[in-house]
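*Asks:* okay, predicted coordinates and the sequence, questions at the end:
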There are 2 protein chains.
Amino acid sequence: MRVLLHPAEDEIRLENLFHALSDPARLEVVRTLIALGSEQSCNSLGEAMAKSTFSHHLKVLRESGVTRTRVSGTHRYVTVRSDELNRRFPGLLDLVERSGPPTLTEAAAAALSAARA
Amino acid sequence: MRVLLHPAEDEIRLENLFHALSDPARLEVVRTLIALGSEQSCNSLGEAMAKSTFSHHLKVLRESGVTRTRVSGTHRYVTVRSDELNRRFPGLLDLVERSGPPTLTEAAAAALSAARA
DNA sequence: TTCAATGGTCTACGATCGTCGAACTTGGGA
DNA sequence: TCCCAAGTTCGACGATCGTAGACCATTGAA
């Protein structure tokens, strides 16, 4: 893929966001991204599923406007479009963040460490 | 159907809410319910689709925890579970409400009037 | 220039979804 | 009682979704 499609801020539609976030695997990815706070490499997430499945989920998240993917060499870096989403749909990311387990940050970090090992 | 299933407040899960609200028809129903503010009879909504389709959508909304359906004789009355949702997922209904067309209340009322005529 | 690594594309599969018609159930009159 | 009106359930259909294996494209390093 030469160009990664991202909707413009004013093209982001709530139905699409809801659909993207209605899958447990994708919701978990977004929660993890929020919890970790910074840009993440694709291969540091989604260790639990096949590459193609994870790639598909990232595509859904990207094309719905939840995430932005930056290409750098052979790596892709994923971020949540927090500023734009908070501007256009204030409160949505807070919902996602607060819907997770109480100690999400630690849990996510532990899961990541385990996945990397 | 003898008993209508409603999840308890603490059984409402965000994924299910997102899934329920990811369909344009259901989102529109919820928006209309919010805009009109009060309990609505089933047959005053969903005039645009088949009875069975509308019944299905109401079931999804009900079983995900978005709405509550009260039975009175041959009629069903639908409400949005605003208090519970605002307590458990604060901001979610605001998102839905604000994502609609600017003059939603008037538009919904006009649509209802037209549908009733 | 070859090679390994990263990650996307293609294809296929079963599962779920949205839609609707038809038949059914329930309750309230005439 | 008989009948209609309001909704639900059932069965079917095509469309979309989530999943994964196999293959491909690009990059950076040896």
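*Replies:* Noted; the coordinates are in hand. Numbers count the residues shown, from 1 in each chain, chains lettered A, B, ... in the order given.
*Asks:* can you give me every residue that contacts the closest residue in space to A:R87 that isn't next to it in sequence?
*Replies:* Nearest in space to A:R87, with sequence neighbours left out and distances taken as C-beta to C-beta, 6 or more residues apart in numbering or on different chains, is A:E9 at 7.3 Å. The way it works is simple: take the backbone N, C-alpha and C, and place the C-beta from them, glycine included. Counting by C-beta atoms under 8 Å, 6 or more residues apart in numbering or on different chains, A:E9 touches A:G65, A:E84, A:R87, A:R88.
*Asks:* including neighbour count and pLDDT, could those go into TSV?
*Replies:* Compiled in TSV, the contacts of A:E9 are given as follows (neighbours: other C-beta atoms under 10 Å in any protein chain shown; pLDDT from 0 to 100):
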residue	neighbour count	pLDDT
A:G65	23	97
A:E84	17	97
A:R87	10	96
A:R88	19	96
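*Asks:* who's in contact with A:R76?
*Replies:* Contacts of A:R76 by C-beta under 8 Å, 6+ apart are A:S41, A:C42, A:L58, A:T69, A:R70.
*Asks:* tell me which stretches of chain A form helices.
*Replies:* Assigned by DSSP state H, the helices in chain A fall at A:14-21, A:24-36, A:51-64, A:82-88, A:92-98, A:104-116.
*Asks:* most centrally placed residue in chain A?
*Replies:* Nearest to the mean C-alpha position of chain A, by C-alpha atoms, centre = their mean, lies A:V30 at 3.6 Å.
*Asks:* am I right that that residue is in contact with A:S64?
*Replies:* No. A:V30 is beyond contact range of A:S64, at 10.6 Å (criterion: C-beta atoms under 8 Å).
*Asks:* buried stuff in stretch A:53-70?
*Replies:* A:54, A:57-62, A:64-69 (16 or more other C-beta atoms under 10 Å in any protein chain shown).
*Asks:* again with stretch A:12-25
*Replies:* Buried, per 16+ other C-beta under 10 Å, within stretch A:12-25: A:I12, A:R13, A:L14, A:E15, A:N16, A:L17, A:F18, A:H19, A:A20, A:L21, A:S22, A:D23.
*Asks:* ok, so of the residues you listed, who is nearest B:A35?
*Replies:* When the buried residues of stretch A:12-25 are ranked by distance to B:A35 (C-beta to C-beta), A:L14 comes first, at 15.4 Å.
*Asks:* tell me the contacts of the closest one?
*Replies:* Going by C-beta under 8 Å, 6+ apart, the list of residues near A:L14 reads A:F89, B:L21, B:L27, B:L95, B:V96, B:S99.
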